Structure formats: C-alpha cells, structure tokens
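A.B. asks: below is the sequence, then the predicted model.
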Amino acid sequence: MEVQLKIKNKEGLHARPAGVLAKKAAEFQSNIQIVVNGQIKSAKSIMALMSLSLKHDQPFTLIIDGPDAQVAGDTLSELVNNEFKV
C-alpha cells in the first residue's frame, strides 16, 4: 500500500522526529519505505530518514508491504499528522 503524507511540523524531519518515526516503523513486521524526490529509503532507519532532509510541508510517500501494512499505514499517518508527538 502507498500513503501520501506531508511534513506538518515547522522544523521538518530533524533528529527527534526522525527517531520517533524510525522507532515506530520498526515495531511493524511490514517492509516500510519512504520515497522523496525519487529517493527510496528505509523508514526504519533514523540515518536514512535524516539523509532525506525533509522540510515543513514537503510531501512524501510511504510504501508499506507486509502482514500488518494497514495498521502500520494508519499508525504512521497519525504520527506524521500529529507532528510526531507521542
């Protein structure tokens, strides 16, 4: 499945939100990739997420494939839309 999202928090995807996203993504069995401007990276890797330098209001896509894809997509969408507040 594919989920289209935008970075909501003003600071973009810096170290703290990247860590929150990677940690949450790692809780799922599914393969979760993030796609930005043709780059495909693992959403389970904080370093990969930070290397994308996502800014406020920048769109990206999560590609999720696996047994818990729907739950992962819903959970990660909520996390992004709530500005990575846990």
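C.D. replies: Structure received. Numbering: from 1, shown residues only.
A.B. asks: distance between stretch 38-53 and the chain's centre?
C.D. replies: Its chain's average C-alpha position is 9 Å from that of stretch 38-53, according to C-alpha atoms, centre = their mean, to the nearest Å.
A.B. asks: start the count at 52 instead of 1 going forward.
C.D. replies: Renumbered: residue one is now 52, and that last one reads stretch 89-104.
A.B. asks: confirm A69 sits in a helix?
C.D. replies: Yes. Secondary structure assignment places A69 in a helix (DSSP: H, G, I helix; E, B strand; the rest coil).
A.B. asks: can you count the residues close to the residue nearest to it when sequence neighbours are not counted?
C.D. replies: Nearest non-adjacent residue to A69, counting by C-beta to C-beta, 6 or more residues apart in numbering: L100, 4.0 Å away. No exception for glycine: its C-beta is placed from N, CA and C like everyone else's. Neighbourhood size, L100 [other C-beta atoms under 10 Å]: 26.
A.B. asks: next: H65.
C.D. replies: 15.
A.B. asks: can you verify my assumption that it contacts S104?
C.D. replies: No. The criterion here is C-beta atoms under 8 Å, and H65 misses it with S104 at 9.1 Å.
A.B. asks: mutual contacts of these two, please.
C.D. replies: With contacts defined as C-beta atoms under 8 Å, 6 or more residues apart in numbering, no residue is adjacent to both H65 and S104.
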